[in-house]
Every structure is written in structure tokens, then in C-alpha cells.
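Asker: Need a 3D model of the following:
(one chain, ligands or ions: 2)
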Amino acid sequence: MPQIAYLECSRCQAQLDPTIPQTVCNLCAGALYVRYDFSAAKGTAVRDSISQIPQAQPSRGMWRYQPVLPEIAPVSLGEGWTPMLQSRRNPSVFLKEEGANPTGTFKARGLSLALTMARHYGIKKIAVPSAGNAGGAAAAYAAAAGIEAHIFMPKDVPLANQVECLAYGAHMTLVDGLISDCARIVAERKQQEGWFDLSTLKEPFRIEGKKTMGYELVEQLGWTYPDAVFYPTGGGVGLIGMWKAFEELEQLGWLSKSGKRPKMIAIQAAGCAPIARAWDNHEPISQMWQNAATFASGLRVPKPYGDYLILNIVRQSEGTVVALTDEQIFASLRDWASNEGIFLSPEGAAATAAYYHLLGTGFLSPSDKVVLFNTGSGNKYTDVIAQSLGIQVNIR
Ligand SMILES: Cc1ncc(COP(=O)(O)O)c(C=O)c1O
Ligand SMILES: [Zn+2]
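Answerer: Ligands and ions are numbered 1, 2, ... in the order given. Coordinates of the predicted model:
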């Protein structure tokens, strides 16, 4: 397991001390990357020893990548090593089923690592502004870590997110507004309340947890890159984390530097598409999206903190940004449920819809190997999807 060498600002490259809890760069407020001394992990021998971890040990989950994760005892609920499912209709299409994670979404990865580090640093209370699923995951991992959790979510998040926060014993506040309003409240109160702020990209370890998606997809494809990765983008942590993983894989010599990295496709909902608008206008950062509205609640992030990183990565990868309407997303959700037997989250269905959209525009061809991220299970959205299906919901 590697030692963390330092934390590095993604904007000005300042180096910060990893032995104390850090938030963002103290010079420019940029998001921080964890940098390691990787000398012991270099070369394919370490990579091949990971591949030999029997599949029968799924409980190791994302912690199979311990050689590239902090040397700290994990707070784990069995996150990661999720299925890579081949589409029944097109053998070049793979679906990364993140709904198989604890709490039913990929948020488990980032919050497992963030709470691992919070416990290591001796933090007693955390606060998280969330679009919904990060709140549920934070509540679960905080419970497992013995840390008090304060979760702030929009008042119209799916019912499952509210139920899980309360069931895990978190303090939950439902806010009349969006995640940006939740973040403001946390920022205003955290000092007085003694909360450590686990906001997206305002602490370095959620990226670190989500980078395991990048390692996993490459390993599951036989240590090769696909042609494109489709990622439903709200705050963009997974996309940023996967790109970091690709960089590390090359630095470690686990993958050839000459292999072409995948095109990163950032997918948004037309009702909240700040990254898509910035991309179309060739701007380096996004502008606040007014009146954000979509049933893909995880994509309702009106001004992502790491917009500059997302846009830069998409450009470097020769990818693109696509925004889909709720109608297009829902049609794809039904299509994958009835034709593939997979109950996508609305965010995942945005990725599948985007794939067919980009086949239509000629950006990709059917023979391109693609990985589509289903970032969560449709089962977390039964109330929302019931409404779209015209089912009357009775709560006893
Ligand atoms: C199911 C789901 N997919 C995608 C996202 C967007 O994730 P990110 O903030 O990493 O872009 C979220 C965020 O809440 C989510 O819950
Ligand atoms: Zn900086």
C-alpha cells in the first residue's frame, strides 16, 4: 500500500499536507488530488497480483486496488467490483452496473473512502449537501464509522433517499431549493457546529474512491481501454476520478502510454445542463443554471464546483457533452428494462439514451467498444418512476 506523498491542487499545483484533514487549496480554492509514492506499485507484477484476487472474494470490492489507495483500514460495506454487463443487443456495449453497490449507487465508493479518512483523522461530525444518493451513502458509511452525519438535500429528492438517511440514523434537513442551496447552508453553519464538510470536491477522498471505477472498467476489459466511457454528470466526481485512474495506470506501467484513452462523454439532463452549455459555447467554466428541473435528480447540479476539470478532461479525451430531455431518458429507461432486464436509474438511462444519440449523429459507430455507467439502481427511484408510469402511489 502506498504512502500519500501530498495533496495537490488541481488548479495551481500547490502541495498540501496530507497528515491533517484538508478541504480545498488554501491559495486558489481548487479541488485537491491525492498524490502517492507509487514506487512499490510500479510494473505489471502488482497489477497481475490484483487480477489473481479470486472473483469469489467480492467482499474486497474496490479495496482490491489497495496498492493505489491510502494505507488506512477501510470503512467498508462491500462497495465496488460491480458487474460489467454486455448488452444483449450489441456486443460492443458494456454496462457498468453500479446499482449493485451498498446503498444502491456508485456514491458508495467515494463515501467509503471519505469516511475511512474522516475516521482516520479523528473527525466526529460530518456534513454533506447532496442531490440525494450521496446523502444516503454518507449516512450509511458514517453509521459504520461511528461518526455523526448531517445531511442536507432538496425537499423533493426521491423517497428512498429520505428513508435511508433516517434509517441510518443521520440528521436530515430537507431544503426548499437545490444542492447549491444545501451547500450554502453547510458552509454557513459548519464552523459553529464543528462539522467537517464532505461536499463534492471540497475534500480530496471522494475522487479517490470513485477513481476505482476507472481501474475496474479497465481490468474488467482485460486491462485495455474502451473507445468511450459514458458518465452521467452532476458534480462530475466519477469522471474526474476515472481520468485520474487512467493517468495513474499509465504512470504505474500497468497500461501502455501509447494506448488511446477513452473518449469521455459527459451526459446531462436538458433541464439542468450547465456543462453542456459551457461545452457548446467553448467556455472553460460553467454558469449557474437557473430553474434546474429533471427527474434525474442526481444530475440537478446547477453549478458544478469542478466544472473546469470536467470540461478540460472531456476536451483532452476528444469526447463530448450531451444533454437529453426527461422524455428521452425515460424512453431509454423503459427500453433497457424491457429489452435487457436492467432497471436503470434515470441518470443511467441518460447514459444509454446518449449512446444511441451519438450513434445517430455519427460521433460513434456501432462497433466502437463503449462502457455506459448505470450509476444507480432504478429501485431507488420507485416513487419517481411510478409517477412516470402512471401508477398511483399509496403510502400507508
Ligand atoms: C445516480 C446518480 N448518478 C449520477 C450522479 C452524478 O454524480 P457526480 O456528482 O459524480 O457527477 C449522481 C449524483 O447525485 C447520482 O446520484
Ligand atoms: Zn490552488
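
Asker: Skip the chain neighbours and tell me the closest residue to the residue nearest the centre of the chain.
Answerer: The residue lying closest to the centre of the chain (CA atoms, centre = their mean) is residue 238, at 3.5 Å. The shortest distance from residue 238 to any non-neighbouring residue, by CB to CB, 6 or more residues apart in numbering, is to residue 210 (4.7 Å). For glycine as for every other residue, the C-beta is placed from the backbone atoms N, C-alpha and C.

Asker: pretty sure that neighbour contacts residue 237?
Answerer: Yes: between residue 210 and residue 237 there is a contact under CB atoms under 8 Å: 5.2 Å.

Asker: joint contacts of those two?
Answerer: Contact criterion CB atoms under 8 Å, 6 or more residues apart in numbering; residues shared by residue 210 and residue 237: residue 110.

Asker: For the nearest residue to residue 148 once chain neighbours are set aside, give me phi and psi.
Answerer: Excluding its sequence neighbours, the residue lying closest to residue 148 (CB to CB, 6+ apart) is residue 125, at 4.4 Å. The phi/psi pair for residue 125 (degrees, to the nearest 10) reads phi -140, psi 130.

Asker: residues in contact with residue 125?
Answerer: Shown in contact with residue 125 (CB under 8 Å, 6+ apart): 147-150, 193-196.

Asker: what does residue 11 give?
Answerer: If you count contacts by CB under 8 Å, 6+ apart, residue 11 has them with 25, 28-31, 308.

Asker: how about these, which pair is most distant?
Answerer: 25 and 308 (12.6 Å; CB to CB).

Asker: tell me the strands in the stretch 1-150 of the chain, going along the chain?
Answerer: Secondary structure of the stretch 1-150 of the chain, counting by DSSP state E, counting those that start in this stretch: strands at 3-9, 15-16, 32-37, 84-86, 93-97, 125-129, 148-154.

Asker: which one of these lies closest to ligand 1?
Answerer: Ligand 1 lies closest, by CB to the nearest ligand atom, to one member of the strands of the stretch 1-150 of the chain: strand 148-154, at 9.9 Å.

Asker: Check which helices and strands that closest one is in contact with.
Answerer: Judged by 3 or more CB pairs under 8 Å, 6 or more residues apart in numbering; DSSP states H and E, strand 148-154 is in contact with strand 125-129, helix 133-145, helix 159-167, strand 171-175, helix 179-193.

Asker: what's the angle between it and helix 179-193?
Answerer: When axes from the mean of the first three to the mean of the last three CA atoms, to 10 degrees is applied, the directions of strand 148-154 and helix 179-193 differ by 150 degrees.

Asker: Restrict strand 148-154 to CA atoms and write it as PDB.
Answerer: Listed next in PDB are the C-alpha coordinates belonging to strand 148-154 (Å, rounded to 0.1, in the frame of the first residue of the first chain):
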ATOM      1  CA  GLU A 148     -22.300  11.800  13.300                       C
ATOM      2  CA  ALA A 149     -23.800  12.700   9.900                       C
ATOM      3  CA  HIS A 150     -25.700  15.900   9.000                       C
ATOM      4  CA  ILE A 151     -27.300  15.500   5.500                       C
ATOM      5  CA  PHE A 152     -28.900  18.400   3.600                       C
ATOM      6  CA  MET A 153     -31.000  17.500   0.500                       C
ATOM      7  CA  PRO A 154     -33.600  19.200  -1.700                       C
END
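
Asker: Please name the strands paired to it in the sheet, noting orientation.
Answerer: Applying DSSP bridges, strand 148-154 is found paired with strand 125-129 (parallel), strand 171-175 (parallel).

Asker: Let me see the contact set for residue 3.
Answerer: With contact taken as CB under 8 Å, 6+ apart, residue 3 is in contact with 36-37, 71.

Asker: I should have written residue 296 there, sorry.
Answerer: Residues near residue 296 by CB under 8 Å, 6+ apart: 232, 269, 326, 329, 345-347, 349-350.

Asker: hmm, try it at 10 Å
Answerer: Residues near residue 296 by CB atoms under 10 Å, 6 or more residues apart in numbering: 131, 232, 234, 267-269, 271-272, 324, 326, 329-330, 333, 345-350, 375-376, 381, 384.

Asker: Quick check: ChimeraX command selecting the buried ones in the residues you listed.
Answerer: In ChimeraX, a selection of the buried entries from those looks like this (16 or more other CB atoms under 10 Å):
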select :131,232,234,267,268,269,271,272,324,326,329,330,333,345,346,347,348,349,350,375,376,381,384
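
Asker: Of the contacts of residue 296, which ones also sit close to ligand 1?
Answerer: Filtering the contacts of residue 296 for proximity to ligand 1 by CB under 6 Å from any ligand atom leaves 131, 232, 234, 345, 347, 375-376.

Asker: Out of the residues you listed, which sit inside helices?
Answerer: residue 347 (DSSP state H).

Asker: any chance of the ones next to ligand 1 among the contacts of residue 296 in JSON lines, plus distance to ligand 2 and pLDDT?
Answerer: Putting those into JSON lines (distance: CB to the ion, whole Å; pLDDT from 0 to 100) gives the following:
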{"residue": "131", "distance to ligand 2": "26", "pLDDT": "94"}
{"residue": "232", "distance to ligand 2": "28", "pLDDT": "98"}
{"residue": "234", "distance to ligand 2": "23", "pLDDT": "97"}
{"residue": "345", "distance to ligand 2": "34", "pLDDT": "98"}
{"residue": "347", "distance to ligand 2": "30", "pLDDT": "98"}
{"residue": "375", "distance to ligand 2": "29", "pLDDT": "98"}
{"residue": "376", "distance to ligand 2": "32", "pLDDT": "98"}
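
Asker: pLDDT wise, what is the residue nearest to residue 238 at?
Answerer: Confidence at residue 210, expressed as pLDDT, is 98.

Asker: That one and residue 13: what is the separation?
Answerer: Per CB to CB, to the nearest Å, residue 210 is found 22 Å from residue 13.

Asker: same thing with residue 95?
Answerer: Going from residue 95 to residue 13 by CB to CB gives 36 Å.

Asker: out of the two, which sits in the busier spot?
Answerer: Using other CB atoms under 10 Å, the more surrounded residue of residue 95 and residue 13 is residue 95, with 25 against 12.
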